[in-house]
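**Q** Pasted the sequence and its predicted model underneath.
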Amino acid sequence: MRKIAISTSILGLISCLVGVACTVKTDDGTDSKGGSGGLSNSGGTSSSDGGKSGSASAGNASGEAGNGEAGNGEAGSGEAGSGAGGPTRALFDCKSRDATTAKVVSGAITKDQTWSGTVYLKDDVSIEDGATVTIEAGTQVIAGPDSSLDVGWNSQPATLKAAGTAANPIRFCGEQGDAGFWRGIIVEPNVTSNSQLHHVLIADAGAKAEALHLIADIDIQNVQLRNSQKDGVRAEDFTAGSSDLSVEGAGGTAVVLTHSNAIEHFPIGGVFENNVSNVLAIDFDTIKADAHFRNVGIPYYQQPSVDVYDAKVTFDPGVVYHFGAGAHLEIGWNGHTATISAAGSEAKPIVFEGATTKSGFWAGLVIREKVSTDSELSNVEIRHGGGGTNAFALELRAPITLDGVLVSDNDAGVFISNTGLDKGSKDLTVTKGEQRPLTVEPDGLVTLPQGGSFTGNAIDEIAIKGDSYRASGTVPNLGIPYRLLSSLDTLAGSSLTLTAGSEFILPSDAHLQIGWNGNKATFIAAGTAAKPIRFRGSDSNSGYWEGLLLGDQVLSESKLDYVEVSGGQDACLTLRSSIAVTHSTISKCTGYGILKKSTDTRDYETGNTFTAVGSGNLGTL
């Protein structure tokens, strides 16, 4: 016998992150407790024995259920009040499950049919061979044990028109009200584009896989899934303009999305409650078309790594995006162009974080070289990333804009390449990291944003990775030291200006050389009496590092004022060009304090201080 295709469920990886569940009275008259306002919305209960439904007032943030009154009339649908004074939502119920007088359908449907009244699904039912099934508003479809409805089985063309109304929805319910009593509905690839599910309830399904599986896009309007044994919905796409998909009480994941098209066209406006894993799970690894991640009130959950190329991804304010172990989100993968727009607000930041609240749980957000410069991360929080070899919680290789970005509770923090950041960037904070908050390639130094904080990490230093500087600009004082990981040479045409109070730490036998190999370069290190600029070795011993070297083509406007240089070898400061050195302290040099050309007649001793210099204050090259 033909079976529905079975897909792998993504089971309870994340517990429900929203309020307590919405009240819904089941067909046996029992009810579950009402939920809090905000995302999910509580409302009046409805009675299957014909009781009149009470209604909760719109915007009841406490989610208190309305009181149903007993009656003999047809069962009413309770209305769910939304938090914060939002609109109401009718909760569809299963009414009677009596199939005694129902029309029985079974096997293949190859000619057009119209369903009305009560219909009984027996075993596997498939719509195929170009047939259209029209289901009238108010139809009650009772599903027998382990039954299913397959629209377009075996990739054959088919059409399903299930057009209920808010007052007269179409109901697909198990013959018994047990989760997984039947298997559910599958929509195959060749289902026609005018197929629809409007004002439909799908209850008690999910016996083998998800209750609703959309391989083809279909128009969704106010579809409610309830009491699925496994996942609620698995979807490759929805028809553009779809809205109001709700999943409640699924034993697996609320929704599993298998293609980025399902992100772009997701039917927003519904609620997701009481699901074992109350997330929109991402089960694909590439995004090749524009995708808009809207705030649906529950987190997105990305288990695999995802690469974005030749597309724009947009994240709305308030989006929460969870990552599985070791996963990354890479924008502009493999040299492709791409754009990211993640513009949150102070009240509704966009949050990228691990599914488990552990530093290094996931890899990170990667912005590659060809990501467009109009990309931005604004009011964004990044947590629990930076795990894995050479991974950073945020890796930036294109000059995008950062504004109000918080990187917290990660392993490795932020990496900024030589391309740096957009000049309008500001307010980057990196804290509570297991390593250094920032690792920067040399040219990126002059683009570092100000206004944030970089303290509270295991190592409060900014690492400088790379051996050549070609840029022009000012390196800001961000309140913590810069640590060179190797010698650094500034090259032709470069201009390097340092800010008062900055400190630079160098490793053993390394140097900082301005105007390497006879190149013209400018170097301005102007501190103050209260905030001198310091150069020292990782170790405080004399002769630990090579020293500060200025080449013979360093331009005359270069200067050192209120600078401290300590721990050099042959000399702490070597001057092959004559520049101003004033109010400075030279100390712990195994050789001379300053080495200069014999032709340089500038007075370097007056006004400067020399301490513990092995060979004397001045020497000549």
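**A** Now that the structure is in, tell me what you want to look at.

**Q** any low-confidence regions in this structure?
**A** 1-89 (pLDDT under 70).

**Q** 50 instead, please
**A** Scanning the chain for pLDDT under 50 picks out the ranges 1-88.

**Q** Regarding it, what is its longest strand?
**A** strand 118-127 (DSSP state E).

**Q** Taking the centroid of the chain, which residue is nearest it?
**A** In the chain, the centroid-proximal residue (C-alpha atoms, centre = their mean) is Phe352; its distance is 3.6 Å.

**Q** How about the contacts made by that one?
**A** Residues counted as contacts of Phe352 (C-beta atoms under 8 Å, 6 or more residues apart in numbering) are 321, 323, 329, 365, 380-383, 385. Where C-beta positions appear, they are placed from N, C-alpha and C, glycine not excepted.

**Q** How many residues are close by Val320?
**A** Val320: 20 surrounding residues under other C-beta atoms under 10 Å.

**Q** need the contacts of Phe352 in TSV with distance to Ser417, neighbour count and secondary structure, can you?
**A** Conversion of those to TSV gives the following (distance: C-beta to C-beta, whole Å; neighbours: other C-beta atoms under 10 Å; DSSP: H, G, I helix; E, B strand; the rest coil):
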residue	distance to Ser417	neighbour count	secondary structure
Tyr321	23	22	strand
Phe323	22	30	strand
Leu329	18	24	strand
Leu365	14	25	strand
Val380	19	24	strand
Glu381	22	18	strand
Ile382	17	27	strand
Arg383	23	22	strand
Gly385	18	32	coil
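
**Q** Out of those residues, which is nearest to Thr585?
**A** Closest to Thr585 out of the contacts of Phe352 is Ile382 (40.3 Å), distances taken as C-beta to C-beta.

**Q** That closest one is in contact with Val405, isn't it?
**A** Yes. Between Ile382 and Val405 there is a contact at 7.2 Å, judged by C-beta atoms under 8 Å.

**Q** Just give me the residues shared between the contact sets of those two.
**A** Leu394.

**Q** by contact count, what packs against whichever strand or helix holds Val313?
**A** Using DSSP states H and E, Val313 falls within strand 312-315. Helices and strands touching strand 312-315, by 3 or more C-beta pairs under 8 Å, 6 or more residues apart in numbering; DSSP states H and E, are strand 291-293, strand 339-343.

**Q** Give me the contacts around it.
**A** So strand 312-315 is in contact with 287, 290-293, 321, 331, 338-344, 350, going by C-beta under 8 Å, 6+ apart.

**Q** Check which strands are paired with that strand and give the direction for each one.
**A** strand 291-293 (parallel), strand 339-343 (parallel) (DSSP bridges).

**Q** For that strand, what is the distance to the chain centroid?
**A** Mean C-alpha position of strand 312-315 versus that of the full chain (C-alpha atoms, centre = their mean, to the nearest Å) differs by 10 Å.

**Q** next one: stretch 576-596
**A** Counting by C-alpha atoms, centre = their mean, stretch 576-596 comes out at 50 Å from the chain centroid.

**Q** Can you list the buried residues in it?
**A** By neighbour count with 16 or more other C-beta atoms under 10 Å, stretch 576-596 contains the buried residues 576-579, 581, 583-596.

**Q** Also stretch 478-494?
**A** For stretch 478-494, using 16+ other C-beta under 10 Å, the buried residues are 478, 480-484, 487-491, 494.

**Q** And the furthest pair within the residues you listed?
**A** Ile480 and Leu491, at 26.4 Å, using C-beta to C-beta across the buried residues of stretch 478-494.

**Q** Now do the helices in this structure.
**A** 260-264 (DSSP state H).

**Q** mind giving me the domain split of it?
**A** 15-91, 99-284, 286-460, 466-621 (automatic domain parsing).

**Q** Quick one: residues in contact with the longest strand of the chain.
**A** So strand 118-127 is in contact with 1-4, 98-99, 101-109, 133, 135, 139-144, 146-153, 158-160, 175, 182, going by C-beta under 8 Å, 6+ apart.

**Q** and that strand, which strands flank it?
**A** By DSSP bridges, strand 118-127 pairs with strand 103-109 (parallel), strand 140-143 (parallel), strand 148-151 (parallel).

**Q** which residues pair with the residue nearest to Gln302 when sequence neighbours are not counted across the strands?
**A** Excluding the flanking residues, the one nearest Gln302 by C-beta to C-beta, 6 or more residues apart in numbering is Ile282, at 4.4 Å. Beta-bridge partners for Ile282, by DSSP bridges, are Leu257, Gln302.

**Q** Tell me how many other residues crowd Ile282.
**A** 28.

**Q** What of Lys465?
**A** 18.

**Q** what's the answer for the one 10 residues further on, then?
**A** The criterion is other C-beta under 10 Å. On that basis, Val475 has 24 neighbouring residues.

**Q** related to what we said a few turns ago, can you give the distance of the longest strand of the chain from its chain's centre?
**A** The answer for strand 118-127 is 42 Å, by C-alpha atoms, centre = their mean.

**Q** likewise stretch 342-354?
**A** On C-alpha atoms, centre = their mean, the centre of stretch 342-354 falls 8 Å from the chain's centre.

**Q** can you tell me the distance between the two ends of that stretch?
**A** 18 Å (C-alpha to C-alpha, to the nearest Å).

**Q** which residues does the closest residue to Phe92 other than its chain neighbours contact?
**A** Excluding the flanking residues, the one nearest Phe92 by C-beta to C-beta, 6+ apart is Leu201, at 3.9 Å. By C-beta under 8 Å, 6+ apart, the contact set of Leu201 is 92-94, 169-173, 223-226.

**Q** swap in Arg534?
**A** Counting by C-beta under 8 Å, 6+ apart, the residues that Arg534 touches are 502-504, 563-566.

**Q** who wins for most neighbours among the residues you listed?
**A** So for the contacts of Arg534 (other C-beta under 10 Å), the most neighbours sit at Val565, 28 neighbours.

**Q** burial count for the nearest residue to Asp316 once chain neighbours are set aside?
**A** What sits nearest to Asp316 in space, not counting adjacent residues and going by C-beta to C-beta, 6+ apart, is Asn295, at 4.7 Å. By other C-beta under 10 Å, 17 other residues sit near Asn295.

**Q** List the residues that contact Asn295.
**A** Asn295 neighbours (C-beta under 8 Å, 6+ apart): 316-319, 348.

**Q** any idea how far the closest residue to Asp285 other than its chain neighbours lies from Phe323?
**A** Once flanking residues are discounted, Asp285 sits nearest to Pro304: 4.9 Å by C-beta to C-beta, 6+ apart. For Pro304, the distance to Phe323 equals 10 Å [C-beta to C-beta, to the nearest Å].

**Q** Likewise for Thr474?
**A** For Thr474, the distance to Phe323 - C-beta to C-beta - is 36 Å.

**Q** what's the answer for Pro299, then?
**A** In terms of C-beta to C-beta, Pro299 sits 10 Å off from Phe323.

**Q** now do Arg536
**A** Counting by C-beta to C-beta, the gap from Arg536 to Phe323 is 39 Å.

**Q** related to what we said a few turns ago, now the contacts of Leu201 in TSV, with neighbour count and distance to Val119?
**A** Converted to TSV, those look like this (neighbours: other C-beta atoms under 10 Å; distance: C-beta to C-beta, whole Å):
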residue	neighbour count	distance to Val119
Phe92	26	16
Asp93	25	18
Cys94	21	14
Pro169	24	14
Ile170	25	10
Arg171	24	10
Phe172	28	9
Cys173	26	11
Val223	30	18
Gln224	25	19
Leu225	31	19
Arg226	27	19
